[in-house]
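> got a predicted model here, sequence first, then my questions.
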Amino acid sequence: MQITDIRAIQPAGNNSPPDWRTSLGQILVAIDTDAGITGYGVGGGGLAGQHVVKTVLRDLLLGRNPEEISQLWGEMYQATLAFGRKGIAIMALSGVDLALWDLQGKREQQPVVELLGGTPEIKIPTYHTVWSTEDLTATGEHAGYKLHLGKVAAPEQRDLMVASIEQARNRIGNSPLLMVDAWMKWDIESTISISQAIKPFQIEWIEEPLSPDDLAGYAVLKEKTEVPIAGGEHEFTSEAFRPLIEQKLHTVLQPDVNWCGGLTELIRIYTMAKEAGLRVCPHRGCEIWALHAITALDSQPLAETGRPWMTWVKGQPDIRQGMIEVSDRPGFGLLFDEHHLQLVN
Ligand SMILES: [Mg+2]
């Protein structure tokens with residue numbers, strides 16, 4: 001089989017981010033082959049991500065055998081090394097990698113979960129992310145809830161955040177898991193202080209309290225916080241996860257498969273984390289791109305609800321009674337007509 005074309009577009013969803021300059025400006029990558037099969041993947045980077053796909057990665061992959069995913073990943077990484085390694089170039093590469101995996105599944109008439117040694121239609125528990133305690137109504141369906149404090153998370157807002165977290169626990173009751181997301185806006189001192197204050201509310205993890213670059217800060221938190229630390233959604237490639245894993249700087253690792261380098265890298269991160277005895281809980285795990293890996297590779301599976309504007313990705317499984325499962329359709333099992341998508345730009 002040979003790759004005959006690669007395309008990248010940015011479809012619009014309901015309430016999707018209005019500007020491409022956001023990590024959530026998700027692009028669709030399509031890879032055509034001479035066998036008449038097209039593979040689809042989703043990456044990040046908006047207009048800039050599309051440009052990387054349409055120029056550097058397309059030039060590299062035309063005429064190549066799409067079955068050599070690992071080899072092609074290495075060549076794409078090398079071709080973007082001088083300006084890539086993290087951020088938009090790897091987000092774009094992620095979409096191409098996922099499209100190659102979709103192709104592989106379609107070629108072998110197997111869902112991706114089976115390519116990874118797993119079985120479809122296994123029910124995975126979910127947790128729901130909200131941006132306000134007001135949204136914690138009608139709870140009880142999900143295994144857990146995450147309060148995202150990105151809009152108010154500043155160290156000087158400590159008391160307000162602690163009160164919100166207490167309110168969240170009161171709203172959901174004692175049983176469900178409760179997590180807190182600081183979206184890289186706290187500092188060492190406030191994280192230690194807040195973790196002490198919220199410990200009575202049985203918090204499963206504090207997510208991304210510091211910048212992903214502050215490994216020294218995370219080393220301090222590892223010794224001094226009362227609540228486990230999670231992170232990794234803004235980190236790229238398995239090589240960058242290596243120090244996080246080797247030094248056990250996070251208790252829970254949260255790679256985003258559409259940004260971190262695709263399924264190829266997510267598998268490597270799962271392998272490294274398993275050897276170290278650490279947990280992986282991929283960012284946006286209910287979106288289909290990560291769910292196949294969670295189903296096949298995870299010993300403690302838990303899938304985060306997806307972003308509500310990804311409405312153009314048809315064929316995603318629904319959450320029923322708090323559980324989600326991948327279909328047995330080939331590849332990632334998506335159903336959509338790329339030629340009828342409305343575009344952002
Ligand atoms: Mg987060």
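Sure, I can see it.

> alpha carbons only for contacts and neighbour counts from here, please
OK.

> the nearest residue to Gln109 once chain neighbours are set aside and Gly261: what is the separation?
Using Cα to Cα, 6 or more residues apart in numbering and skipping residues adjacent in sequence, the residue nearest Gln109 is Pro330, 5.0 Å away. Look at Pro330 and Gly261: by Cα to Cα, to the nearest Å, they are 22 Å apart.

> please list all residues in contact with Tyr270.
Residues near Tyr270 by Cα atoms under 8 Å, 6 or more residues apart in numbering: Val280, Leu297, Asp298.

> just the buried members of the residues you listed?
When the contacts of Tyr270 are checked for burial by 16 or more other Cα atoms under 10 Å, the buried set is Val280, Leu297, Asp298.

> was I right to think the last one contacts Leu278?
No: with contact defined as Cα atoms under 8 Å, Asp298 and Leu278 do not form a contacting pair (10.9 Å).

> buried stuff in the helix ranked longest in the chain?
The helix that spans the most residues within the chain, counting by DSSP state H, is helix 88-108. Neighbour counts over helix 88-108 (16+ other Cα under 10 Å) mark 88-107 as buried.

> same deal with stretch 118-125?
Within stretch 118-125, the residues scored as buried using 16+ other Cα under 10 Å are Gly118, Thr119, Pro120, Ile124, Pro125.

> and if you look at stretch 210-230?
Under the neighbour-count criterion of 16+ other Cα under 10 Å, stretch 210-230 has 210-212, 215, 217-218, 221-222, 224-230 buried.

> how about Thr311, what does it touch?
Contact partners of Thr311, counting by Cα under 8 Å, 6+ apart, are Gly13, Asn14.

> tell me the contacts of the residue lying closest to Asn65 once chain neighbours are set aside?
Leaving aside its sequence neighbours, Asn65 sits nearest to Gln2 (Cα to Cα, 6+ apart; 4.8 Å). With contact taken as Cα under 8 Å, 6+ apart, Gln2 is in contact with Thr33, Asp34, Ala35, Leu62, Gly63, Arg64, Asn65, Pro66.

> for Thr22, state which of the buried ones among the contacts of Tyr270 is nearest.
Using Cα to Cα, Val280 comes nearest to Thr22 of those, at 24.4 Å.

> the closest one and Ala92, how far apart?
Distance of Val280 to Ala92, given as Cα to Cα: 22 Å.

> tell me where the chain has strands.
Secondary structure of the chain (DSSP state E): strands at 3-9, 27-33, 38-43, 124-130, 144-148, 177-181, 205-207, 229-231, 252-253, 279-280, 303-304, 323-324.

> and this protein, what are its domains?
According to automatic domain parsing, the chain comprises the domains 3-109, 115-324.

> out of the ones you listed, which gets nearest to Leu335?
domain 115-324 (4.7 Å).

> what number of residues lie near Ala240?
Applying other Cα atoms under 10 Å, we find 15 residues neighbouring Ala240.

> follow-up on the earlier one: among the buried residues of stretch 210-230, which are located in helices?
The helices, defined by DSSP H, take in Leu215, Gly217, Tyr218, Leu221, Lys222, Lys224 from the buried residues of stretch 210-230.

> where does the stretch 201-345 of the chain have low pLDDT?
The stretch 201-345 of the chain contains residues with pLDDT under 70 at 345.

> so for Ala138, what's the pLDDT?
pLDDT for Ala138: 63.

> and the strands of the chain as JSON lines, adding distance to Val344?
What follows is the strands of the chain, written out as JSON lines (distance: least, Cα to Cα, whole Å):
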{"stretch": "strand 3-9", "distance to Val344": "9"}
{"stretch": "strand 27-33", "distance to Val344": "10"}
{"stretch": "strand 38-43", "distance to Val344": "15"}
{"stretch": "strand 124-130", "distance to Val344": "25"}
{"stretch": "strand 144-148", "distance to Val344": "26"}
{"stretch": "strand 177-181", "distance to Val344": "29"}
{"stretch": "strand 205-207", "distance to Val344": "30"}
{"stretch": "strand 229-231", "distance to Val344": "30"}
{"stretch": "strand 252-253", "distance to Val344": "32"}
{"stretch": "strand 279-280", "distance to Val344": "32"}
{"stretch": "strand 303-304", "distance to Val344": "26"}
{"stretch": "strand 323-324", "distance to Val344": "29"}
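
> which of the ones you listed is buried the deepest?
Neighbour counts (mean count of other Cα atoms under 10 Å) averaged over each of the strands of the chain peak at strand 38-43, with a mean of 27.

> so what touches that one?
In this structure, residues lying in contact with strand 38-43 by Cα under 8 Å, 6+ apart are 26-32, 49, 91-103, 106, 258-259, 262, 289.

> swap in stretch 323-342?
For stretch 323-342, contacts defined as Cα under 8 Å, 6+ apart pick out 11-12, 101-106, 108-112, 120-126, 142, 286, 288-289, 291-292, 295, 312-318.

> ok, what's across the strand from the residue lying closest to Gln300 once chain neighbours are set aside?
Leaving out its chain neighbours, the residue that sits closest to Gln300 by Cα to Cα, 6+ apart is Arg279, at 7.5 Å. Arg279 has the following beta-bridge partners by DSSP bridges: Val252.

> show me the contacts for Arg279.
By Cα under 8 Å, 6+ apart, the contact list for Arg279 reads Thr251, Val252, Leu253, Ala273, Gln300.

> now distance to Ala182 too, for these, in CSV please.
Below are the contacts of Arg279 laid out as CSV (distance: Cα to Cα, whole Å):
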residue, distance to Ala182
Thr251, 16
Val252, 15
Leu253, 15
Ala273, 23
Gln300, 23
